[in-house]
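Trainee: sharing a model prediction with you, sequence too.
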Amino acid sequence: MSQAFSRDTTSAAIAAYFTFILGLLATHKLGLDGLLALLVAVVLVILLFRPLLTMVLVVSLTIICEGPTFGLFTFTDVFYGSLAKDISILDAFVGLAVLSVAVDLIRRRRPLWVPGPLRLPLMLLALAMIGSVIMSHAAGTSLHLAILAEDTLAYLLFLPIAVANLEIDKRQLRYLLFGAIGLALVKAMLGLVELASGHGLVIEGIGGLTYYEPAANWIIMVALFAILAAVIMRVKVPMWLLIGGAVLFMSLLLSYRRSFWIAALVGIALIVLLGLAPRGRRVLLPVALAMVAGIWGLGTINFQSQSPIFKRAVSLEPTAVQANASDRYRIDERVNVWANILEHPITGLGMTTPWKALVRPQAVESPEGRQYVHFAVLYYWVKLGILGLLAYLSILIGSSLLAWRAWRYNHSSMLGVFGLASLCGIAGLVVIDTTATFTGGDQRFTVLFAVQVGLLALAARIGESSGARRDAPTGPLGSQTRALGSS
């Protein structure tokens, strides 16, 4: 051990010496710019050989740095700006994180591990992306642009595998989860400060909101689910986390994102359903039916409330959807996209080919609007063909299975809380993706979701290898999970 320490010390001293010499030469030749370039190069080398640090840095920056819709700190959107032609700074950071894990696997001679539930989904996604490049190139797009147009899908393809191959133990993963919840709490507080200071984005004349971007609302919602799951599962957590639940709830409520509201209701109901004792589960169905009846009843009453929250909630009523311009746009969009799918059901159009308004004219046109679809299933199908549709559906199923295993194998720990919260979050994501395409369509959201899937794979693997299967839930649901595991 002393010899190894001596070798490391000698190597560090030699590296520091040569770095110092290079610094003097760079300063002499290029001045301050040369010194800064050298410092950047040194930092990049350090990050390249520290995969966990690099991944944490990428995720933290993605969570903290908001886009142009966040009025409190407008300078943070530089993180999503262009680094080189058609390559963003976020692209470069994600690429560095994936490369860092690959270098670590080669250095330590560890085999690449692809979680079982993700093998078929990611293979389908890779094939669909290749087919999309072919279709885009055939439509006249250069091969270079056709490949770069799939950068967000590449996050979904590579990040879960990279995170799953990080060499971390149960204690480190637990700290990472607490750190993520802490960042979510910071985000929630910043959102409330933005709203209170009058910098919040105004949507549809309702008033200011906390966060419009899906990434911030996603991590806040999943963190809220984790707190609720910890309480129901009786997992001991710090008091600050329990207190922070109210801040998370207020930030999500004041985001006025109707899809996230519905997803939150679905997730909370599932957490209660899966976490309560069998007797409590029997009561949940009548309670859920009563909630649905109450919401429907409120929608039929003509209130004259001026509350922004109430106005946004009332817009969920079907008649209000028909009268809302943006909602009407989505309805017309789906009709037209479906017509495009019927013309190219197998191959799709390709990522760079816009869909056409074949059936109905679009009342509103926006830049790049024909490159996007407000429904993930149709987006993957029209852009990537039938393989893209299968890839999207199988990714959701595979991610849900990993979350189930993480909960099942770590039932009495924070890793199990993360598994249950993620499982219910993915169920809510199915709802969210019917109103907009975030999974594989939004860069920041895709980074967070892909990393979350990789962490679920790690949690399931750690729990299974440590013999935590004995801690699986008991009762009717527990017997079902045991049967599933033995099949």
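Mentor: Perfect, thanks for sending it. Source: prediction; values computed, not measured.
Trainee: in the strand or helix carrying residue 246, which residues are buried?
Mentor: Per DSSP states H and E: residue 246 is located in helix 239-253. By neighbour count on 16 or more other Cβ atoms under 10 Å, the buried set for helix 239-253 is 241, 244-245, 247-253. Bear in mind the C-beta positions are built from the backbone N, C-alpha and C, glycine included.
Trainee: likewise stretch 201-220?
Mentor: So, applying 16+ other Cβ under 10 Å, buried residues of stretch 201-220: 201, 203, 207-220.
Trainee: just the residues you listed: which are in helices?
Mentor: 214-220 (DSSP state H).
Trainee: which one of the residues you listed is nearest residue 72?
Mentor: Among those, residue 216 lies closest to residue 72 (Cβ to Cβ), at 11.9 Å.
Trainee: tell me, how many neighbours does the residue lying closest to the closest one once chain neighbours are set aside end up with?
Mentor: The shortest distance from residue 216 to any non-neighbouring residue, by Cβ to Cβ, 6 or more residues apart in numbering, is to residue 187 (5.3 Å). For residue 187, the neighbour count with other Cβ atoms under 10 Å is 24.
Trainee: repeat that for residue 274.
Mentor: 18.
Trainee: report the secondary structure element holding it.
Mentor: helix 258-275.
Trainee: distance between the helix or strand containing residue 420 and the chain's centre?
Mentor: Secondary-structure element containing residue 420, defined by DSSP H and E: helix 414-432. How far helix 414-432 lies from its chain's middle: 11 Å, per Cα atoms, centre = their mean, to the nearest Å.
Trainee: how about stretch 123-136?
Mentor: Using Cα atoms, centre = their mean, the offset of stretch 123-136 from its chain centre is 22 Å.
Trainee: alpha carbons of it, as CSV, please.
Mentor: Output in CSV follows, covering the C-alpha atoms of stretch 123-136 (Å, rounded to 0.1, in the frame of the first residue of the first chain):
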residue,chain,number,x,y,z
MET,A,123,-31.6,-1.6,-29.2
LEU,A,124,-34.9,-0.6,-30.7
LEU,A,125,-34.1,3.1,-30.1
ALA,A,126,-30.7,2.7,-31.8
LEU,A,127,-32.2,1.0,-34.8
ALA,A,128,-34.9,3.6,-35.1
MET,A,129,-32.3,6.4,-34.9
ILE,A,130,-30.3,4.8,-37.7
GLY,A,131,-33.5,4.5,-39.8
SER,A,132,-34.3,8.2,-39.1
VAL,A,133,-30.9,9.3,-40.3
ILE,A,134,-31.4,7.3,-43.5
MET,A,135,-34.9,8.9,-44.1
SER,A,136,-33.6,12.4,-43.3
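Trainee: and the residue nearest to residue 227 when sequence neighbours are not counted, what does it touch?
Mentor: Of all residues not flanking residue 227 in the chain, residue 245 sits nearest, at 4.3 Å (Cβ to Cβ, 6+ apart). Neighbouring residues of residue 245 by Cβ atoms under 8 Å, 6 or more residues apart in numbering: 224, 227-228.
Trainee: ok, of the residues you listed, which come out buried?
Mentor: Among these, those classed as buried by 16+ other Cβ under 10 Å are 224, 227-228.
Trainee: now, which of those residues sits nearest residue 373?
Mentor: Nearest to residue 373 among the buried ones among the contacts of residue 245: residue 224, at 28.4 Å, using Cβ to Cβ.
Trainee: got phi/psi on the closest one?
Mentor: For residue 224, the backbone dihedrals are phi -60, psi -40 (criterion: degrees, to the nearest 10).
Trainee: residue contacts, the closest residue in space to it that isn't next to it in sequence?
Mentor: Spatially, and ignoring its direct neighbours in sequence, residue 224 is nearest to residue 248 (4.4 Å; Cβ to Cβ, 6+ apart). Shown in contact with residue 248 (Cβ under 8 Å, 6+ apart): 184-185, 188, 220-221, 223-224, 227.
Trainee: surely residue 100 and residue 45 touch.
Mentor: No: if you go by Cβ atoms under 8 Å, residue 100 and residue 45 don't touch, sitting 10.5 Å apart.
Trainee: neighbour count winner among the two?
Mentor: Using other Cβ under 10 Å as the criterion, residue 100 and residue 45 rank with residue 100 on top: 23 against 12.
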